[in-house]
Every structure is written in C-alpha cells, then in structure tokens.
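S.K.: dropping a prediction and its sequence here:
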Amino acid sequence: MKIKILKLKDWLILSLMGLMGFSSCHSTKELTAPEPEPKPTPKPREEIRLMYGVPTMDYHISGRVKDAKGKPVEGVAINMLERGLNATADTIYGDQDNIRRYLKKNEVRTDSQGRFVVNAQDLPRESVRVLVRDTDGKANGEYKNQLLEVPVDNVDRSKANGMYQGSFIKVMEIELEER
C-alpha cells in the first residue's frame, strides 16, 4: 500500500511539474519578422597600413614618356597601382570617390622633358601595374591611357634585412599612342 501511495504521489508531482512547464512556455507576445540591419557604408579607402611583421619592399620606377615621334610629353599622370585594385587602361573599379582621391594622392606628373620618378614602399609582388593617363586634354595632344604590367625582377637584396625584402629599380621608356 505504501508503494502505491508513493507511486501516486510521484505521478501527481510529475504531472503538476509537466503542466507548469508547458504553461511557462506559453507567450502572449506576437511573432514578427526581425527588422533588417542597415548595410554599413564602406569607409573611405586610405593607404595600406604596413605593420610590424609585414614584409615590405621599395619600388623606384623612373623613365620618360614620349609620343610616336619621340617628342617628350609633359603633364602625363603616372600611378603605381596598389595590389588588389582592379583596373583597365580607362577604368578602375570600386568606389569612384575613393579611387579619385587615391589617384590624385599617388600620381606623379611628367616634367617638360617627359621624365617621371615613382617611389613607393609596398608588399613584395611578382609584378607592378603602372597606369599612364593623359589628363590635360588637348594641351599637349590627346593620347590613349595605358596600363603597363612591369615584372618585378632583378630585386636588389643587398640591404634586405628581416621583413625588408630589398628594392626594385626600373627605368622605362613609354611611348604614347594618339587617340
């Protein structure tokens, strides 16, 4: 008899706990879809920040820009494009405001003799892309833009030390095509 009473008591306790558990799961709040999170606006692209422990290399690219007749062309914009920037000779893809700022900040103009010098420090690469743009309109003739792929070879590693990988020096002759 004691066993039956204990079993009945256990059954009642379990039943009450079960009912209390189900009732506590009930909610009167209406279900609605969550609000979509706003897309973050991209931050303006700045220069690549080189940190401790990142290999670097110096790039020195110089030369002359001339037309098909061999005459030097003044005022041509030269840019060494950073890694990861998709580009053709006439278009660089991405946020146009940031690209304009980047090009303006990093461009070098040819002098009256058509000479230019680009100095940069960046991550080591297998090749460097040099963008040559005629941005002055008809002032000295109209020329097609060029995107040149310059292989990084003959790296001077005599001063390489730790994360510094040396320097790359290239002297170029660029001939522009008329539009």
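M.R.: That came through, no problem.
S.K.: what lines up beside the helix or strand hosting Ala77 in the sheet?
M.R.: If you go by DSSP states H and E, Ala77 is part of strand 76-81. Here strand 76-81 has these sheet partners by DSSP bridges: strand 108-109 (antiparallel), strand 127-134 (antiparallel).
S.K.: comparing these, which comes out most buried?
M.R.: strand 127-134 (a mean of 19; mean count of other C-beta atoms under 10 Å). (Glycine included, C-beta is placed from N, CA and C.)
S.K.: check contacts around the nearest residue in space to Arg179 that is not next to it in sequence.
M.R.: Nearest non-adjacent residue to Arg179, counting by C-beta to C-beta, 6 or more residues apart in numbering: Glu142, 4.4 Å away. Contacts for Glu142 were tallied using C-beta atoms under 8 Å, 6 or more residues apart in numbering; they are 134, 178-179.
S.K.: quickly name whichever of these is closest to Ile92.
M.R.: Asp134 (15.6 Å; C-beta to C-beta).
S.K.: tell me which residues in the lengthiest helix in the chain are buried?
M.R.: Counting residues, the longest helix in the chain under DSSP state H turns out to be helix 2-24. Residues of helix 2-24 include none that count as buried (16 or more other C-beta atoms under 10 Å).
S.K.: just stretch 157-172 next, same as before
M.R.: In stretch 157-172, counting by 16+ other C-beta under 10 Å, buried: 165, 167-168, 170, 172.
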